[in-house]
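> Here you go, sequence then predicted model.
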Amino acid sequence: MGFDGKRLIKDVLAQIDYLFYRAGIKKCPLRVHTVEETIEELVHGSKSMIRFGDGEITMIRGRSLKLQQVEPEIIDGLKRMLSNEHEGLIVTIPDIFGDLSIYRRQSRQFWKDHLFFSRKIYEKYCNPNREYYNTSVSRFYITIDDKSRCRSQIEGVRQIWKDKDVVVVEGERTHNGVGNDLLDTAASVERIIGPSSDAYGRLEEIMNCCREYPKDRLFLISLGVAAKFLAEKLFLEGYRALDIGNLDMEYEWYLRGAVEKEEIAKHSIVGEEANRSAGYDVYLSQIVKRAD
């Protein structure tokens, strides 16, 4: 059987599985807060956040990701964090356990396939007695069918760090808030640059860079799978840390009115000379630590 035939069978089985849950024949006890409720919690509360997307669930299943090789201790840590054991640390997961109509058609099929293979991961490791928040807080645009609320959502997100002193921890290619106004509401922005891939192996070095800051800083982290572990470590040591994933990329697509995912030029810029040539002098001045 060819690739297309196998994919068709997979999609059909995923659709049947999804319909069983929609009909109540099968049940999933997990409930996920809306994006608006997640923003409200982050704006008016002081909790830290760990973000789980499909990639982290895929890693729990034992598969490496493009920017992070799988390791047994990573899998164990992700399983533990998914259980949402700390009151002051919210965990976000995809809002995919009920009606999928908020997503574009292609995305609906993606999530049906994802659930067909991974639903047992959520049911085994998530805690049905705990509240989960919405991973789409940082993926608010490209996969969503009705984009009428995107503007209010991103404006709400930008209020999370309004008038706060922010430390961005990111890979060298990420450039959170560079060339756009994502972080303009912050009182100040400093940056710690970590590895663009396999950042988990440098976790303690990155953590030591973070420890040099006072506890009043708000950490915004974009380091793939390693971001979950860094956010948890910072939280346990009394800092507030938010794993924001690819929020900046999503914001760029929103600003461009993109209809499909597209490459962002700044994500290919590496090194001081290339950043200066791009006019990113402010970005370079914000870099105070490197663990890359």
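Received it, and whenever you're ready, just let me know what you need. Numbers count the residues shown, from 1 in each chain.

> quick one: the residue nearest to residue 255 when sequence neighbours are not counted from residue 247, how far?
Sequence neighbours aside, residue 180 is the residue nearest to residue 255 in space, at 6.1 Å (criterion: Cβ to Cβ, 6 or more residues apart in numbering). (C-beta placed from N, C-alpha, C; glycine too.) Using Cβ to Cβ, to the nearest Å, residue 180 is found at 11 Å from residue 247.

> of these two, who's got more company?
residue 247 (23 against 15; other Cβ atoms under 10 Å).

> Show the backbone phi and psi for that one.
phi -60, psi -40 (degrees, to the nearest 10).

> Please list all residues in contact with it.
138, 157, 176, 182, 222 (Cβ atoms under 8 Å, 6 or more residues apart in numbering).

> Could you provide the residues you listed in TSV, with additional columns for secondary structure, neighbour count and pLDDT?
As requested, those are arranged in TSV below (DSSP: H, G, I helix; E, B strand; the rest coil; neighbours: other Cβ atoms under 10 Å; pLDDT from 0 to 100):
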residue	secondary structure	neighbour count	pLDDT
138	coil	26	97
157	helix	23	98
176	coil	24	98
182	coil	22	98
222	strand	25	97
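
> Check what pLDDT residue 269 gets.
Predicted confidence (pLDDT) for residue 269: 96.

> Verify the stated contact: it with residue 275.
Yes. The pair residue 269 / residue 275 is scored as a contact, 5.8 Å apart, by Cβ atoms under 8 Å.

> How much space separates residue 56 from residue 259?
Going from residue 56 to residue 259 by Cβ to Cβ gives 27 Å.

> and these two? which has more neighbours close in?
When residue 56 and residue 259 are compared on other Cβ under 10 Å, the one with more neighbours turns out to be residue 56, at 25 against 9.

> where exactly do the strands run in the stretch 51-200 of the chain?
In the stretch 51-200 of the chain, the segments counted as strands under DSSP state E, counting those that start in this stretch are 89-93, 133-134, 165-171, 188-194.

> quick one, which of those is nearest to residue 150?
Closest to residue 150 of those, according to Cβ to Cβ: strand 133-134, at 13.9 Å.

> what sits against residue 110?
Contacts for residue 110 (Cβ under 8 Å, 6+ apart) come out as 54, 143.

> do the same with residue 159
With Cβ under 8 Å, 6+ apart, residue 159 has these contacts: 39, 43, 185.

> Swap in 7 Å and give it another go.
By Cβ atoms under 7 Å, 6 or more residues apart in numbering, residue 159 lies in contact with 43, 185.
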